[in-house]
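[1] What shape does this take:
(2 chains)
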Amino acid sequence: MAPAPDEPEHDVRCALHVVADSEGELLCRIAERDLAAFEILYRRYARPVYGLALRRLRDRELAEDATRRAFAAIWRSAATYVPEGGSGAHWLFTVAQNAIVDHARAPSRTPLVASAGVPEVTSREPGPESVAEEGWLAFRVHAAVAELPEQERVPLELAYWEGRSRSEIAELLGLPLGTVTIRTRSALAHLAVRLEGLG
Amino acid sequence: MIEHTPDLDSLIDGRLHGLERDRFARAHDLLVRGGPHPELPDTLARPHAAAGRRPPVPRPAR
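    Next up is the predicted model:
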């Protein structure tokens, strides 16, 4: 059983095993009921968790509810995070995924239906392992994108998810073409570091 | 999948080779595989708004 958040053993484990402002450190602080840490984590992971819920539920309203449920679960169970047991990001993914699955299975839920504009997982029928792997990959990628500074994130999102060319991005943002190139390169370089070992 | 996969060389102006280009190509591949990053609806814009009437953040005990 996981120790209660106010037990010294939990503090010591957290202090020994986590890096400042990492997901693990934030979870340790949330276990101590640190609101600021919860807000940082929320800003970093709200979109990835919502994206995960959309992939699973294919319905925006259900995904919103499932996202709320996931963050309530994260707040409630942060004290069960054990730094030696794995990364904070993986713990978050597991808790969020369980909350989303629970939400989908709740008896009050309406049947799951496809909704326009919601991303498909793939065009064929993947097995559960493949869905979980792709979900984990998307979760990590989206979290890494959310952490980019806005000046790098926006051009990247315009290029990858709105299909804009470099010159269109430059025009939209009122920036010289060279600046868009530099910011895109910088964003990709940051992502390469943050996503090392993934996939 | 992303409907309009951008061309990496065009995005980074194509004058990179070797390990540096490989690094960019890897990030590019992960972005494409990760798929669109959905915009957060207004109702989820802030933790307290997301939590609605029952925030997951209780007041500290006095």
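
[2] And the top helix by length along chain B, what does it pack against?
    As assigned by DSSP state H, the longest helix anywhere in chain B is helix B:18-34. On a contact count with 3 or more CB pairs under 8 Å, 6 or more residues apart in numbering or on different chains; DSSP states H and E, helix B:18-34 meets helix A:128-147, helix A:150-161, helix A:177-194, helix B:8-11. C-beta here means a position set from N, CA and C on the backbone, and glycine is covered the same way.

[3] Mind putting these into TSV with mean neighbour count, mean pLDDT and distance to residue A:93?
    Converted to TSV, those look like this (neighbours: other CB atoms under 10 Å in any protein chain shown; pLDDT from 0 to 100; distance: least, CB to CB, whole Å):
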stretch	mean neighbour count	mean pLDDT	distance to residue A:93
helix A:128-147	18	84	5
helix A:150-161	20	93	21
helix A:177-194	19	93	15
helix B:8-11	18	86	27
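
[4] Same list (those helices) but as a markdown table, adding distance to residue A:54.
    Formatted as a markdown table, those follow (distance: least, CB to CB, whole Å):
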| stretch | distance to residue A:54 |
| --- | --- |
| helix A:128-147 | 10 |
| helix A:150-161 | 13 |
| helix A:177-194 | 21 |
| helix B:8-11 | 26 |
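
[5] Residue A:49 is nearest to which of the ones you listed?
    Comparison of the helices and strands packed on helix B:18-34 against residue A:49 by CB to CB identifies helix A:128-147 as nearest, at 7.8 Å.

[6] Would you mind pulling the contact partners of the closest one?
    A:43-45, A:47-49, A:51-52, A:55-56, A:89-90, A:93, A:96-97, A:121-122, A:126, A:153, A:156-157, A:190-191, A:194-195, A:198-199, B:30-31, B:33-35, B:37 (CB atoms under 8 Å, 6 or more residues apart in numbering or on different chains).

[7] one more time with 7 Å
    Residues external to helix A:128-147 that are found in contact with it (CB atoms under 7 Å, 6 or more residues apart in numbering or on different chains): A:44-45, A:47-48, A:51-52, A:55, A:89, A:93, A:97, A:121, A:153, A:156, A:191, A:194-195, A:198-199, B:30-31, B:33-35, B:37.
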